[in-house]
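Visitor: what would the 3D arrangement of this be:
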Amino acid sequence: MRILLIEDDTVLGAAVHDQLKADSHSADWAKRLDEAGDALAAGAFELVLLDLMLPDGHGVPFLKTLRARGDVTPVIILTALDQVSDRIVGLNAGADDYMVKPFDLHELSARIGSVARRYTGNPNPLIEQGELLIDLAGRTVRRAGKPVELTAREWALFEAFILAPGRVLSRAQLEEHLYNFDAAIESNTIEVHVSRLRKKLGRDSIETERGLGYRLGRP
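Guide: Now for the predicted structure:
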């Protein structure tokens, strides 16, 4: 997933950013609301992690503005504000989840996965795709009952297809899922990784839409 982290605490922000990368997500990190607004205007994100107390304002009005203009990107609030009234305000503003600092990074990973699954319409972390059994929570794949080893790059790319069933994803969209892994993405990077995924998961696991991009194979 491509995630926007909005957090001004450099220590916590670095820890969360590292956790996201370890979970095979690509992440942008904004330390101010104006930076976050610019990032959202410039690119598409699949999740926003939002601190509430930022140097240039409060996160709740920022979130309300996103929702008012029709932005349905999932948002998880990360904040030290721990009163029930704070949670109610945040959730009523349009947040999908609310975590109080300090929090466990592995719990954050689990909540990110849970929110992502809800937005795909299937909260079950186990997905059957033909002969593939995919565990989104455990980040594992079995083919015909046998485990398949995927690299971090391969998983990041495959997850992009899983979270967008039926949709055609362009090369540019797929590159966004990999840019944290490659400082400079070569012109054939997506084609190479798609080829490797097909070898591991089956030729029909990913379909090509000529001139448009790729999509998850239909069982």
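
Visitor: which stretches of this structure aren't confidently modelled?
Guide: Segments of the chain classed as low confidence (criterion: pLDDT under 70) are 120-124, 179-186, 219.

Visitor: show me where it has strands.
Guide: Remark: strands of the chain, listed N- to C-terminal, are 2-6, 26-30, 47-50, 53-54, 57-58, 75-79, 97-100, 126-129, 132-135, 140-143, 146-148, 206-209, 213-216; assignment by DSSP state E.

Visitor: got these as CSV, with mean neighbour count and distance to Ala36 columns?
Guide: Yep, even glycine has a C-beta here, placed from its N, CA and C like the rest. Formatted as CSV, those follow (neighbours: other Cβ atoms under 10 Å; distance: least, Cβ to Cβ, whole Å):
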stretch, mean neighbour count, distance to Ala36
strand 2-6, 23, 5
strand 26-30, 21, 4
strand 47-50, 25, 8
strand 53-54, 16, 8
strand 57-58, 13, 10
strand 75-79, 24, 11
strand 97-100, 18, 18
strand 126-129, 14, 31
strand 132-135, 17, 32
strand 140-143, 17, 33
strand 146-148, 12, 37
strand 206-209, 15, 33
strand 213-216, 20, 28
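
Visitor: wait, which of those is closest to Pro165?
Guide: For the strands of the chain, distance to Pro165 was read as Cβ to Cβ. The smallest value, 5.5 Å, belongs to strand 213-216.

Visitor: what's the closest one packed up against?
Guide: Contacting strand 213-216 under the criterion 3 or more Cβ pairs under 8 Å, 6 or more residues apart in numbering; DSSP states H and E are the following elements: helix 152-162, helix 171-176, strand 206-209.
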